[in-house]
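Participant: Just a sequence and a predicted model for now, questions to come.
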Amino acid sequence: MHKHSKSSTMKKYLAELIGTFALVLFGCGAAVVNGKTIPAEILSDAPNGIGMLGIALAFGLAVVAMAYAIGPISGCHINPAITIAMLVAGKISGKDTVGYIVAQLVGATIASAILYALMKGSPGFTAVPEWGLGANGWGPGYLGGYSTASAFLAEAVLTFLFLFVIFGTNSRFGNSSMAGLAIGLTLVLIHLVAIPITGTSVNPARSFGPAIFAGGKALDQLWLFIVAPIVGGILSALVWMNVFEKEAK
């Protein structure tokens, strides 16, 4: 019995690793390989680029695919902000929280390493540019050049809404068979708002992987993409538990 439970725990962690790997490879890969990393090309439908809508769809559809693939195994968090919010809501143990977050960070890092290896094979590749490999950021030189306050507010509020959809669709009020689609489409909407502001994180692991390889400002600014999504996620968990779940009992 103990052996079986240990093997099912490892399966959950591995599922989170693969899910986060897929999210970063598909999402950041779409931005870097097809969307280009030049701001003007990300913010408009440039020739040979998929544009902002294409990048938003890549992230959202990656979540839809993984939700149906690994949802039954691990719940498909693939995001430390989601895992921490679930801990606050009492839906995951402390031990699993640590295991999930480590797996998510490893998955995101492996995806970024593969993306880096792919980009090295591109004829124009010299070195990873500032905020390269789809790294998140803000301020002068980054996409829309938004302020730190705007970046923090966008990440916290949008993560709050993201978690609200996740709690709602997975609750007794929601339609759990449609949860993956609703959550993925919410991530598309989030990207459509936040790409010019921060490149859209709402996920510390998604920011961690590219920042490790991009270095420079991406690494310096990583703190915001850890703190703001976690703050937004925790607030969402508290609102859900104290207002909506409370009334349901």
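Facilitator: All right, it came through fine.
Participant: what's the distance between residue 215 and residue 173?
Facilitator: Note on residue 215: its distance to residue 173, by CB to CB, to the nearest Å, is 45 Å. C-beta coordinates here come from the backbone N, C-alpha and C atoms, glycine included.
Participant: Looking at these two now, which is surrounded by more residues?
Facilitator: A count of neighbours by other CB atoms under 10 Å puts residue 215 above the other of residue 215 and residue 173, at 14 against 11.
Participant: Hmm, that one is touching residue 127, no?
Facilitator: No. Residue 215 lies out of contact with residue 127 (CB atoms under 8 Å); the separation is 10.0 Å.
Participant: quick one, helices of the chain?
Facilitator: 2-29, 39-42, 51-74, 80-88, 94-120, 148-169, 179-198, 204-214, 216-220, 222-239, 246-248 (DSSP state H).
Participant: quick one, which of those is nearest to residue 134?
Facilitator: helix 2-29 (3.1 Å; CB to CB).
Participant: The closest one: which residues count as buried?
Facilitator: Within helix 2-29, the residues that count as buried by 16 or more other CB atoms under 10 Å are 12-13, 15-29.
Participant: Which strands or helices does that helix pack on?
Facilitator: helix 51-74, helix 94-120, helix 204-214 (3 or more CB pairs under 8 Å, 6 or more residues apart in numbering; DSSP states H and E).
Participant: and among those helices, the most buried is which?
Facilitator: Most buried of the helices and strands packed on helix 2-29 by mean neighbour count (mean count of other CB atoms under 10 Å) is helix 204-214; its value is a mean of 28.
Participant: which residues touch that one?
Facilitator: By CB atoms under 8 Å, 6 or more residues apart in numbering, the residues outside helix 204-214 that reach it are 20, 23-24, 27-28, 78-81, 101, 104-105, 107-113, 115-116, 128-136, 201, 218-219, 221-222, 225-226, 229-230.
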